[in-house]
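Engineer: Dropping the sequence and predicted coords here.
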Amino acid sequence: MTSPSLTSSNRRIVVLTGAGISKESGLDTFRDADGIWSRVSLEEVATPEGFRSDPAKVQAFYNARRRQLQDSEVEPNPAHAALGRLSRALGDDLLLVTQNIDDLHERGGADPVLHMHGELLRARCLACGADSLWRADIDRDSRCSVCGATGQLRPHVVWFGEMPLEMERIYAALADCDLFVSIGTSGNVYPAAGFVAEAREAGAHTLELNLEPSEGATLFAEKRYGPASELVPAWVEEVLAETGKDTGLAE
Ligand code: BJW
């Protein structure tokens, strides 16, 4: 099935991304055969119960991932760069929602980016509730830069059983979009996995860009399969041509 045309007056787009878009930047996905959940227990490192039972283990898991994210070898790939280009061209007509806690969309030039599962480079204080930029390891001596409390910081991420961030804004955009695009996500985790149904309900065209069919593949009107670094730049080219919004500033 081909996409219905997007025009300058019919072009509100919601893009949802998942771990697959960052795979070619060197960051592992979760549920692929070599994914993060093949090495560590989800219950131990990605639930509030796991954090209460062994905070040092959870901090070590996120400290290692925070360090890896800041390694010079981890850089945005052509899929992040293409969405950055789309973000600059469409402005408020694009809502980019990511389940990823990395900062590769921002480094690829997208602004704004809604991180519904939080951000690895931020820490949240359990004493005052504030979250702040945090690039170092978090340990028992880490001090909140807002209230000064020591030993109260946790990663600013959303674990299972916790409420994802920015939901009101996301559901409002889904109810009012013309096109919903899901990129590099397996469709296993709710509420993100339910976004395609919300967009369909709103009458939007729905497109899946993924390496392989996701759990919810049958819900999408259009699907394209392959690596994100190839599919996403090609799709962005199409949208910019259709909307007449190409700034010519390809990266
Ligand atoms: C490529 C590629 C390439 C590879 N190019 N593609 C029963 C029914 C329904 C719901 C529930 C239920 N029981 C419990 C729930 C709720 C629960 C849930 O969904 N559980 C399911 C497992 C069943 N959800 C929650 O608890 C959430 N909170 C919540 O629901 O609150 C209540 C609420 C109610 C109503 C409205 C709103 C809220 C919180 C979920 C928190 C998820 N947290 C994690 C970890 C935190 C951050 C971190 O450590 O990074 O978030 S889990 C992990 O999964 C991470 C990811 O963001 C998330 C999604 O994973 P993603 O991105 O899809 O990765 P993968 O690995 O699964 O897939 C990668 C895909 O890429 C694959 O398809 C590959 O093929 C593809 N790929 N290479 C393109 N090169």
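Structural biologist: Perfect, I can see it now.

Engineer: Can you tell me which residue is spatially central in the chain?
Structural biologist: residue 98 (2.0 Å; Cα atoms, centre = their mean).

Engineer: Would you enumerate the residues in contact with it?
Structural biologist: Residues near residue 98 by Cβ atoms under 8 Å, 6 or more residues apart in numbering: 16-18, 21, 105, 113-117. All C-beta atoms are positioned from the backbone trio N, CA, C, and that covers glycine.

Engineer: what pairs with it across the strands?
Structural biologist: residue 17, residue 115 (DSSP bridges).

Engineer: about what we covered before: can you tell me which of the contacts of residue 98 are up against the ligand?
Structural biologist: 18, 117 (Cβ under 6 Å from any ligand atom).

Engineer: Turn the contacts of residue 98 into CSV, including neighbour count.
Structural biologist: Supplementary listing: these in CSV, determined by neighbours: other Cβ atoms under 10 Å:
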residue, neighbour count
16, 26
17, 28
18, 27
21, 33
105, 28
113, 21
114, 18
115, 25
116, 21
117, 20
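
Engineer: Looking at the contacts of residue 98, which one is closest to the ligand?
Structural biologist: residue 18 (2.6 Å; Cβ to the nearest ligand atom).

Engineer: residues contacting that closest one?
Structural biologist: Residue 18 neighbours (Cβ under 8 Å, 6+ apart): 29, 98-100, 182-186, 192.

Engineer: Give me every residue in the stretch 101-250 of the chain lying close to the ligand.
Structural biologist: 101, 117, 157-164, 167, 184-186, 188-191, 210-212, 214, 227-228.

Engineer: Next, the buried residues of the strand or helix carrying residue 60.
Structural biologist: In this assignment (DSSP states H and E), residue 60 forms part of helix 55-69. Of the residues in helix 55-69, 58-59, 61-63, 65-66, 69 count as buried by neighbour count, 16 or more other Cβ atoms under 10 Å.
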